[in-house]
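Chemist: What follows is a predicted structure for the sequence shown.
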Amino acid sequence: MQNIIDVIYNKLPHMSVTDRKIAQVVLQQPKAVVDYTISQLAQTAAVSEASVSRFCKNLDIDGFHQLKTRLAQVSDEENVAVTIDDDVQQVLKNITDNKNIEISNTLKNLDTTKLNQVLDLIKKARLIQVVAEGNTYPVAIDAVYKFNQIGLLAISDAAFETSLAQTLNMNRQDILIIISNSGESKSLMKQLKVAQEQQIKVIAITNREDSPIAQKADFHLKTYVREQIFQSEYYFSRIAASTMIEAIFLLLIGQDKQTLAKIAHHEELISDRKI
């Protein structure tokens with residue numbers, strides 16, 4: 001069962017203003033909320049008791065009592081929220097703890113059978129197209145670099161129009177990898193549809209199993225993202241997506257030691273560019 005803190009973080013970007021008020025209180029002081037009454041939580045979040053009940057139902061749990069039970073089951077290490085204050089070292093520690101949770105949860109919850117199927121698809125592909133948008137696009141570029149280093153032809157383009165044109169020139173021997181935190185991008189969803197019309201297998205990397213992209217993809221690899229709270233704003237991390245790409249890269253190397261020679265050869269060719 002996914003811990004309730006991760007459930008809240010995953011649903012956070014799509015919450016109403018009222019639900020976000022409650023979520024912020026729960027994420028900042030989860031151990032204290034375990035001992036709250038429903039009226040205390042409502043008062044602290046400046047919402048009504050009925051709003052707290054709706055918040056619980058929106059988390060797909062029965063009610064406030066179950067929320068407290070689920071919070072009590074979460075370890076202290078998984079309760080970290082990042083807030084701005086004068087204690088820089090404490091903030092850095094909290095950031096470290098949160099990033100460790102993202103990485104750990106992303107890797108330990110991977111389905112081995114599904115992952116092996118994905119690795120097999122990647123190894124056999126004639127061409128790998130990796131697509132992403134906005135803050136997540138650097139992860140796609142990193143994936144393209146890594147795949148090409150080990151002898152797997154991979155492409156990407158930041159412009160949607162060019163990227164879509166690339167997809168139109170692909171065939172069933174190729175694969176499309178979509179990286180999206182929310183899994184709700186309209187343009188990436190359109191690209192997925194175009195790919196599948198051409199019988200191209202699609203691998204999605206998102207942090208929501210119920211997202212449209214995750215639901216439509218042939219394979220979905222779930223990441224666990226902790227949006228960091230800085231006052232009332234939310235920052236979308238790409239650490240989890242990068243971790244997934246890094247894991248795939250290392251697993252591919254582990255399954256074919258000849259890839260190490262390809263990396264060494266590439267590094268040798270570019271070595272004269274370094275001081």
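Modeler: Received it, and whenever you're ready, just let me know what you need.
Chemist: What strand or helix carries the residue lying closest to Lys146 once chain neighbours are set aside?
Modeler: Nearest residue to Lys146, sequence neighbours excluded (C-beta to C-beta, 6 or more residues apart in numbering): Phe249, at 4.4 Å. Backbone N, C-alpha and C define where each C-beta goes, glycine included. Here Phe249, judged by DSSP states H and E, is contained in helix 239-255.
Chemist: So what touches that helix?
Modeler: With contacts defined as C-beta atoms under 8 Å, 6 or more residues apart in numbering, helix 239-255 is touched by 99, 102-103, 106-107, 110, 115, 118-119, 122-123, 132, 136, 139, 142-143, 146-147, 150, 152, 179, 181, 205, 207, 221, 223-225, 259-260, 263.
Chemist: Tell me the spacing between the residue nearest to Lys146 and Ser242.
Modeler: 10 Å (C-beta to C-beta, to the nearest Å).
Chemist: And Leu153, by the same measure?
Modeler: Per C-beta to C-beta, Leu153 is found 21 Å from Ser242.
Chemist: can you map out the strands along the stretch 1-150 of the chain?
Modeler: For the stretch 1-150 of the chain, applying DSSP state E, counting those that start in this stretch gives strands covering 128-131.
Chemist: Show me where it dips below the pLDDT cut-off.
Modeler: 1, 75-86 (pLDDT under 70).
Chemist: more crowded one of Leu153 and Ser242?
Modeler: Using other C-beta atoms under 10 Å, the more surrounded residue of Leu153 and Ser242 is Ser242, with 20 against 13.
Chemist: Roughly how far does the more buried one sit from Gln90?
Modeler: Counting by C-beta to C-beta, the gap from Ser242 to Gln90 is 25 Å.
Chemist: swap in Gly63?
Modeler: From Gly63 over to Gln90 (counting by C-beta to C-beta), the distance is 34 Å.
Chemist: Arg54 now?
Modeler: Separation of Arg54 from Gln90 (C-beta to C-beta): 34 Å.
Chemist: Which of these two has more residues huddled nearby?
Modeler: Between Arg54 and Gln90, counted using other C-beta under 10 Å, the more crowded position is Arg54 (16 against 12).
Chemist: how near is Val74 to Lys31?
Modeler: For Val74 relative to Lys31 (C-beta to C-beta), the value is 9 Å.
Chemist: Comparing the two, which shows the higher neighbour count?
Modeler: More crowded of Val74 and Lys31, by other C-beta under 10 Å: Val74, with 16 against 11.
Chemist: Just to check, the more buried one is in contact with Ile4?
Modeler: Yes. Judged on C-beta atoms under 8 Å, Val74 makes contact with Ile4 at a distance of 6.3 Å.
Chemist: re earlier: hmm, which of the contacts of helix 239-255 are the buried ones?
Modeler: Buried subset of those (neighbour count, 16 or more other C-beta atoms under 10 Å): 99, 102-103, 106, 110, 115, 118, 122, 132, 136, 139, 142-143, 146-147, 150, 152, 179, 181, 205, 207, 221, 223-225, 259.
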